[in-house]
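A.B. asks: whatever this is, show me its structure:
(2 chains)
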Protein chains: 2
Amino acid sequence: MTAVTVAPPSPNLALNQLVDQRRAEGASLVHLAFGEARLPVLPQLAEQLALGAARAAYGPVAGAESVRRAVAGYFTRRRLPTEADRVMVAPGSKPLLMALQLVIPGDVLLPQPAWNTYAPQAVYAGKKVFGVPIPTECGGVPAPGALRETIRRARATGADPRLLVLTLPDNPTGTLAPPSVIRELCALARAEDLLIISDEIYRDIVHDPGTTGFLSPAEVAPERTVVTSGLSKTLGLGGWRIGVARFPQGDTGELLRDAVLAAAGEIWSTLAGPMQQVAEYAFAEPPEIVARMRASARLHGAVARAVHRIAVEAGAACRPPTGGFYVYPDFEPLRDLLAGRKVTDSASLAGRLLDDSGIVVLAGHLLGDDPHALRFKAATSLLYGNEQQQEEALRADDPTRLPHIAGELARIAEGFARLKGAA
Amino acid sequence: MTAVTVAPPSPNLALNQLVDQRRAEGASLVHLAFGEARLPVLPQLAEQLALGAARAAYGPVAGAESVRRAVAGYFTRRRLPTEADRVMVAPGSKPLLMALQLVIPGDVLLPQPAWNTYAPQAVYAGKKVFGVPIPTECGGVPAPGALRETIRRARATGADPRLLVLTLPDNPTGTLAPPSVIRELCALARAEDLLIISDEIYRDIVHDPGTTGFLSPAEVAPERTVVTSGLSKTLGLGGWRIGVARFPQGDTGELLRDAVLAAAGEIWSTLAGPMQQVAEYAFAEPPEIVARMRASARLHGAVARAVHRIAVEAGAACRPPTGGFYVYPDFEPLRDLLAGRKVTDSASLAGRLLDDSGIVVLAGHLLGDDPHALRFKAATSLLYGNEQQQEEALRADDPTRLPHIAGELARIAEGFARLKGAA
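C.D. replies: Numbers count the residues shown, from 1 in each chain, chains lettered A, B, ... in the order given. Now for the predicted structure:
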């Protein structure tokens, strides 16, 4: 019988289904392995969805012009002047990222660790993947020196790295690359003729926008940077699948847009009409959307910082989170102690947390990180409880003191401490 | 600057945008080049969409179990016994078809002509495409003898044809392959170890189910046939993007499902939650859905037959339509006469219809057909008028006598007659 290529399922989605199953069987778990914002749907958005029912015709592949204008306005308000014809909407940013990898020639450079979808998409697109370690200070970007060296080595083996994917702020580390690093990477991209995809889906979840400066590569290297984003993270709409892309100005930008448009027409047609109506409303950023974005960034920041504190107190090294809803602890400082407990790599570390404490995390090697490292990703947005508790958390002065969140945090603290054999 | 691969845009979608533009400029066109059902959204479906707003979490990649159970019931009622775990839902059947092409190894065999998305998807998946002429009696399938010969020749050149795509009923010819041809093709697929994708998105638009027998390859070769379908055509929901796949039972089926599931997790995650709610409702086929499907099949049949009659009266050869909403006339009998008017191939034929009569059709070569042939696809579902006129058409005893449809038909008759220099 015809052989079929079976790739392993997306590890975060697979883990999510495992958690559902274990919970259905009665297990009490702290699930930190899935990047979902877990916030209630704003009633105004539900209303727009219902109003969008009439949009049942196919419409333009890139999305209706009114939607693209709203998205263009969103970017323009973020120092990225944009015309509607440089915007595409799609059922999530995943298909846009896939189409970009399909139409951009050559191989791909990824931060190591990186979101676990970039690499499999590259493989579907027939590309080689080159992981580049992240700097000490932040994730989501390769360390510039290591990037230069990786490109050199890749070319020496006959590979052709042409695409650099950045995540700002980062999933999995919950950190934002500073402007100086972005400038250095953009200069390198110019020198080495790389296209940049800047995945900015967490952009509106910078915890403290007053002190954390956001510089998009699209400001520095506008001629070669595609920006992707969406509503899944900022507005807790993962299940509604609304993504956007902003293409560069100029010849390359137009070529890229036309190529992605052609791929979109064949692979998914267009974003569903009712979702276009939602996008048109949300990207125009009426007051309640702005208020929700601020409240959720504050909430995500407070809880991510609390988990960061717990990890550090347990003896891990961990970059302080500044955006998104993740922390990425490194238990290297405890290696000798953990080795005595048969925890010697990221898989055994995640396994031990699950078995001993019912804590579900995403082991670093599933994100392309060194399997021997003692690192994992913890998504802190899954601690907000049920819908009513989520509303409370959005309003609370200090959400980490709400009983349902404080209880989860205490359990995480116990679980991390138990790694050392304590408790 | 980095070179980008630019494929031409999907010709039907591109043409659709051209038509919108020409109309905005004031042109009066008869648009027959886009496969959209053009029927009003049933209010019960709009209601389900609104109710689905709460489904904002990611959920399982394949779709919620309740949705998959409803879809399994739909297939089971059509002599295809199905369990929920052999079903996937997705944002349209296009992404499912793309994922199938990505995970199934080898090259692809297509009927010639075929729907214009299969071939570009094959190219994105790195496959070679082998077109096989359709039989005299119907489209959507290769003529079995020509298929055997094509496989032999393909293998002789080092290619590895492993996938056969069938369309039942067919787009573009509007015909349904009879059971005898399906049986012969399934036997051939077994002998040559081909997987079959049976695209049955028009299955519920068989014009006269009492006399036109539908046999799915999944009944004959259940171990190697994937069936795809969706709500775009049957319920006029193209813009809502709801597609489904049914995987074979057994080892190959499970491998295929797991592989497509893995690809889906990376490329689009899942069908949007509110659309899953709609799918759950519609695939359960409550009475008003069944009534709408019957009424629309009747309407599509009446108008397609009318256009078929016009084409034949104008001197074209044309297979009588039995399903979907297309006809595919062949003006070969008028070749000499048309040559005198500089119409010598499908491009010049479509161009002449547009320039002389404002009739927009999809030239056969855009569907993989021989460019020298004088063939085109006409989608007859675009003649139903505005939403109120569509409702009237669904209810009418003879929709072709409604003034707005009769007027369009008269214009098509004039346009086809004008090809010969008449009028």
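A.B. asks: wait, what's in contact with the residue in the stretch 201-350 of chain A that chain B sits nearest to?
C.D. replies: For the stretch 201-350 of chain A and chain B, the shortest gap (Cβ to the nearest Cβ) falls at A:G265, measuring 3.4 Å. For the C-beta atoms, the positions are set from N, CA and C on the backbone; glycine is no exception. By Cβ atoms under 8 Å, 6 or more residues apart in numbering or on different chains, the residues touching A:G265 are A:V61, B:P9, B:S10, B:L13, B:A14.
A.B. asks: filter those residues down to just the ones in helices.
C.D. replies: Counting by DSSP state H, those place B:L13, B:A14 in helices.
A.B. asks: can you redo the contacts of A:G265 as TSV with pLDDT?
C.D. replies: Below are the contacts of A:G265 laid out as TSV (pLDDT from 0 to 100):
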residue	pLDDT
A:V61	95
B:P9	69
B:S10	72
B:L13	70
B:A14	74
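A.B. asks: let me know the closest of the contacts of A:G265 to A:R155.
C.D. replies: The shortest approach to A:R155 among the contacts of A:G265 belongs to B:P9, at 33.4 Å (Cβ to Cβ).
A.B. asks: name the nearest residue to the residue of the stretch 201-350 of chain A closest to chain B, ignoring sequence neighbours.
C.D. replies: The shortest distance from A:G265 to any non-neighbouring residue, by Cβ to Cβ, 6 or more residues apart in numbering or on different chains, is to B:S10 (3.4 Å).
A.B. asks: re earlier: so which helix or strand takes in the residue of the stretch 201-350 of chain A closest to chain B?
C.D. replies: helix A:250-267 (DSSP states H and E).
A.B. asks: that helix: which residues count as buried?
C.D. replies: Residues of helix A:250-267 classed as buried by neighbour count (16 or more other Cβ atoms under 10 Å in any protein chain shown): A:252-267.
A.B. asks: for stretch A:214-229, same thing?
C.D. replies: For stretch A:214-229, burial by neighbour count (16+ other Cβ under 10 Å) applies to A:214-222, A:224-229.
A.B. asks: quick one: the strands in chain A?
C.D. replies: With DSSP state E as the criterion, chain A has strands at A:30-31, A:87-90, A:107-112, A:129-133, A:161-167, A:195-199, A:225-230, A:243-246, A:326-327, A:359-360, A:362-363, A:376-379.
A.B. asks: what's near enough to touch A:Y328?
C.D. replies: When contacts are counted by Cβ under 8 Å, 6+ apart, A:Y328 is found next to A:P113, A:G139, A:P172, A:T173, A:G174, A:C318, A:R319, A:G364, A:R375, A:F376, A:K377, A:A378.
A.B. asks: now with 6 Å, please.
C.D. replies: A:Y328 is in contact with A:P172, A:T173, A:K377, counting by Cβ atoms under 6 Å, 6 or more residues apart in numbering or on different chains.
A.B. asks: if I look at it, how far off is B:L271?
C.D. replies: 31 Å (Cβ to Cβ, to the nearest Å).
A.B. asks: swap in A:V132?
C.D. replies: As for A:V132, its distance to B:L271 is 35 Å (criterion: Cβ to Cβ).
A.B. asks: so these two - more neighbours on which side?
C.D. replies: The residue with more neighbours, out of A:V132 and B:L271 and counting by other Cβ atoms under 10 Å in any protein chain shown, is B:L271; that gives 32 against 24.
A.B. asks: A:P111: neighbouring residues, count only.
C.D. replies: Neighbours of A:P111 (other Cβ under 10 Å): 31.
A.B. asks: and if you look at A:N386?
C.D. replies: Neighbour count for A:N386, taken as other Cβ under 10 Å: 11.
A.B. asks: which pLDDT value belongs to it?
C.D. replies: In this model, A:N386 is scored at 92, pLDDT.
A.B. asks: ok, now how distant is it from chain B?
C.D. replies: 12 Å (Cβ to the nearest Cβ, to the nearest Å).
A.B. asks: from B:N116, how far off is A:G385?
C.D. replies: 49 Å.
A.B. asks: neighbour count winner among the two?
C.D. replies: Set A:G385 next to B:N116 and count neighbours by other Cβ under 10 Å: B:N116 wins out with 21 against 18.
A.B. asks: go ahead and confirm the more buried one touches B:L367.
C.D. replies: Yes: counting by Cβ atoms under 6 Å, B:N116 touches B:L367, with 5.3 Å between them.
A.B. asks: just checking the worst-scoring helix or strand of chain A on mean pLDDT against chain B, any contact.
C.D. replies: Counting by mean pLDDT, DSSP states H and E, chain A has its least confident helix or strand at helix A:11-24, which shows a mean of 79. Yes: using Cβ under 6 Å from any Cβ of the partner chain, helix A:11-24 reaches chain B at A:L13, A:Q17.
A.B. asks: and that helix, what's buried?
C.D. replies: For helix A:11-24, the neighbour count (16+ other Cβ under 10 Å) marks A:P11, A:N12, A:L13, A:A14, A:L15, A:N16, A:V19, A:R22 as buried.
A.B. asks: closest to A:D345 among the residues you listed?
C.D. replies: The closest of the buried residues of helix A:11-24 to A:D345 turns out to be A:P11 (Cβ to Cβ; 15.4 Å).
A.B. asks: show me where pLDDT drops low in chain A?
C.D. replies: Along chain A, segments meeting pLDDT under 70 span A:1-6, A:9, A:422-423.
A.B. asks: just want the most central residue of it.
C.D. replies: With the centre of chain A defined as its mean C-alpha position, the nearest residue by Cα atoms, centre = their mean is A:N171, 4.1 Å away.
A.B. asks: chain B contacts on the stretch 1-150 of chain A?
C.D. replies: Residues of the stretch 1-150 of chain A that fall close to chain B, judged by Cβ under 6 Å from any Cβ: A:1-7, A:9-10, A:13, A:17, A:36, A:41, A:46, A:49-50, A:53, A:55-61, A:91-92, A:94-95, A:98, A:102-103, A:117, A:120-121, A:124, A:126.
A.B. asks: of the residues you listed, grab the buried ones for ChimeraX.
C.D. replies: To isolate in ChimeraX the members of those that are buried, counting by 16+ other Cβ under 10 Å, one can use:
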select /A:2,4,6,7,9,10,13,36,41,46,49,50,53,55,56,57,58,59,60,61,91,92,94,95,98,102,103,117,120,121,124
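A.B. asks: domains in chain A, as residue ranges please.
C.D. replies: Using the TED database, the domain ranges for chain A come out as A:11-36+A:289-420, A:45-285.
A.B. asks: okay, how far is it across the longest one, tip to tip?
C.D. replies: Same thing as domain A:45-285. Terminal residues of domain A:45-285 are spaced 11 Å apart (Cα to Cα, to the nearest Å).
A.B. asks: what about the helices in the stretch 1-150 of chain A?
C.D. replies: For the stretch 1-150 of chain A, applying DSSP state H, counting those that start in this stretch gives helices covering A:11-24, A:43-51, A:65-76, A:93-103, A:118-124, A:144-156.
A.B. asks: now the first one, how far from the centre of its chain.
C.D. replies: Distance of helix A:11-24 from the chain centroid (Cα atoms, centre = their mean, to the nearest Å) equals 19 Å.
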